[in-house]
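*Asks:* Quick one: sequence plus predicted model below, questions after.
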4 protein chains.
Amino acid sequence: MKFKEEQPIYLQIADLICENILSGRWPPGERIPSVRDAAVSMEVNPNTALRAYDYLQNLGIIYKNRGIGYFVAEDGLEKTRVLKREDFFSNILPNVIKTMKLLGIQYAEIEKYFD
Amino acid sequence: MKFKEEQPIYLQIADLICENILSGRWPPGERIPSVRDAAVSMEVNPNTALRAYDYLQNLGIIYKNRGIGYFVAEDGLEKTRVLKREDFFSNILPNVIKTMKLLGIQYAEIEKYFD
Amino acid sequence: MKFKEEQPIYLQIADLICENILSGRWPPGERIPSVRDAAVSMEVNPNTALRAYDYLQNLGIIYKNRGIGYFVAEDGLEKTRVLKREDFFSNILPNVIKTMKLLGIQYAEIEKYFD
Amino acid sequence: MKFKEEQPIYLQIADLICENILSGRWPPGERIPSVRDAAVSMEVNPNTALRAYDYLQNLGIIYKNRGIGYFVAEDGLEKTRVLKREDFFSNILPNVIKTMKLLGIQYAEIEKYFD
DNA sequence: GTGGTCTAGACCACC
DNA sequence: GTGGTCTAGACCACA
């Protein structure tokens, strides 16, 4: 697996997990891959994978059962959605709008990307 | 001045300068605030401000006259525009689209923000 | 059954058993629930329940008759009492006192809890 | 520095920091030792010290200034006090009371420890 | 100098 | 098998 330079790997892993939750591939209650398996399949150190899991657990998106594994929280899908929407509407979107204004990009120019 | 956690402060400062250039407040040839003044007004370490200036100088957006100060390059506005557009269309926009898909946000929901 | 995060589940189970012994519900010589039953009723892995029993057996508080079950040792009540008192006076109590000092909690504040 | 076996070292370090805050030695706004210095003086790996700092930062008790160090949050003393009191009154104290009942320990027996 | 990330690998506790 | 902790040490970004 190839990761970007600009962001810590563990955050990118956390994002991947969120995408799997949002897309419905990992529904609430579902067990997600073990830390070790995730580390192997993504070719990172187990500690790095664990860190991503830990991060999401702190957010309440996943939880662990001792000795068994990590699971998507019952409200994990909802929480992820809320967090990401919040981020989108308060950070990403305003930034995009601001950038477009500065660059003089009209909506018509980007319309075609919305498919 | 308050900076975000997710990005190095010096890059955020560089962005602010770019905004001033793009908005026309600092036209090509104009002298921009000294590193020291910038550092004081933004409450950052002078080294951090210097780093932002250095970064923009490497991009050819500003240049330095020793003993005098930093100036917007003659083609600084154009360069900034090109760089930011490139970034917008290859990184920011695709990411926004992807996020919107994952979150099920329709264009209609964000239309109103385009004013 | 719900267990705390801070302590291994098997120790929490062992504690529950000790409480039953101390309270007199399970007098010396009495047969205690089978590992299997305990595991089912507490919704834990049988291995985890077994570990608790094993732990208490090593302490000499319970013993096992093969094919029959686990029993409270003749001196099980006494042993439990001694162990718990030792723990109380050398660990728990000093810690409580220290915490109270740090937090500025006076004895008067907790007096009412002693009923 | 010598640490107990029963608890992760990083939590014990976090506790030590809390004690310094509660005792007033490190008032709100004060810079606390750098991760490296703490690691050296406690003879642990820098990662372990960092983990303690990170843990307390998540609780909002300390915060960091990038490139400068960690500081006690303005409301760090208050937060620590609230957290510890909460823990004391909902967990520690009830447990002590319960244990005392089971062991038949009277208040008179422990009175002398309150000095 | 500060903190942060990551790896490699050991060793442990738990289920 | 699961996750958790810790060390040693490298390397980086930032102020």
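*Replies:* Happy to help now that I have it.
*Asks:* Show the pLDDT at the residue nearest the centre of chain A.
*Replies:* By CA atoms, centre = their mean, chain A has its centre lying nearest to A:Asp15, at 2.1 Å. For A:Asp15, the pLDDT comes out at 94.
*Asks:* what kind of secondary structure is it in?
*Replies:* Following DSSP: H, G, I helix; E, B strand; the rest coil, we place A:Asp15 in the helix state.
*Asks:* In chain A, what residue comes closest to DNA strand E?
*Replies:* Each residue of chain A has a distance to DNA strand E, by CB to the nearest atom of the strand, and the smallest belongs to A:Gly67, at 2.1 Å. C-beta: built from backbone N, CA, C; applies to glycine.
*Asks:* Whichever residue of chain A sits closest to chain C: what's its closest spatial neighbour, skipping adjacent residues?
*Replies:* Closest approach of chain A to chain C (CB to the nearest CB) occurs at A:Arg66, with a separation of 7.0 Å. With sequence-adjacent residues excluded and distances taken as CB to CB, 6 or more residues apart in numbering or on different chains, A:Arg66 is closest to C:Ile9, at 7.0 Å.
*Asks:* got it, and A:Cys18?
*Replies:* Setting aside the residues directly before and after it, A:Cys18 is nearest to A:Thr80 in space (CB to CB, 6+ apart), at 5.1 Å.
*Asks:* Now do the contacts for the one you found.
*Replies:* Applying CB atoms under 8 Å, 6 or more residues apart in numbering or on different chains to A:Thr80 gives the contacts A:18, A:21-22, A:61.
*Asks:* Please point out which parts of whatever helix or strand it lives in sit buried.
*Replies:* Taking DSSP states H and E as the definition, one finds A:Thr80 inside helix A:76-87. Residues of helix A:76-87 classed as buried by neighbour count (16 or more other CB atoms under 10 Å in any protein chain shown): A:76-77, A:79-81, A:84.
*Asks:* which among those gets closest to B:Val72?
*Replies:* Using CB to CB, A:Lys84 is the member of the buried residues of helix A:76-87 that sits closest to B:Val72, with 37.7 Å.
*Asks:* how about the buried residues of helix A:76-87, which pair is most distant?
*Replies:* When these are compared pair by pair using CB to CB, the maximum separation belongs to A:Gly76 and A:Lys84, at 12.2 Å.
*Asks:* What parts of chain A come near chain D?
*Replies:* A:Asn58 (CB under 8 Å from any CB of the partner chain).
*Asks:* ok, now which ones touch the closest residue to chain D within chain A?
*Replies:* Checking chain A residue by residue against chain D with CB to the nearest CB singles out A:Asn58 as nearest, at 6.7 Å. Neighbour list for A:Asn58: D:Asn58 [criterion: CB under 8 Å, 6+ apart].
*Asks:* What residue in chain A is the furthest from its centre?
*Replies:* The C-alpha centroid of chain A is most remote from A:Gly104, which lies 31.1 Å away (CA atoms, centre = their mean).
*Asks:* any idea how far A:Lys112 is from that one?
*Replies:* Between A:Gly104 and A:Lys112 the computed distance is 18 Å (CB to CB, to the nearest Å).
*Asks:* Repeat that for A:Asn91.
*Replies:* Distance of A:Asn91 to A:Lys112, computed by CB to CB: 25 Å.
*Asks:* Next: A:Ile9.
*Replies:* 34 Å.
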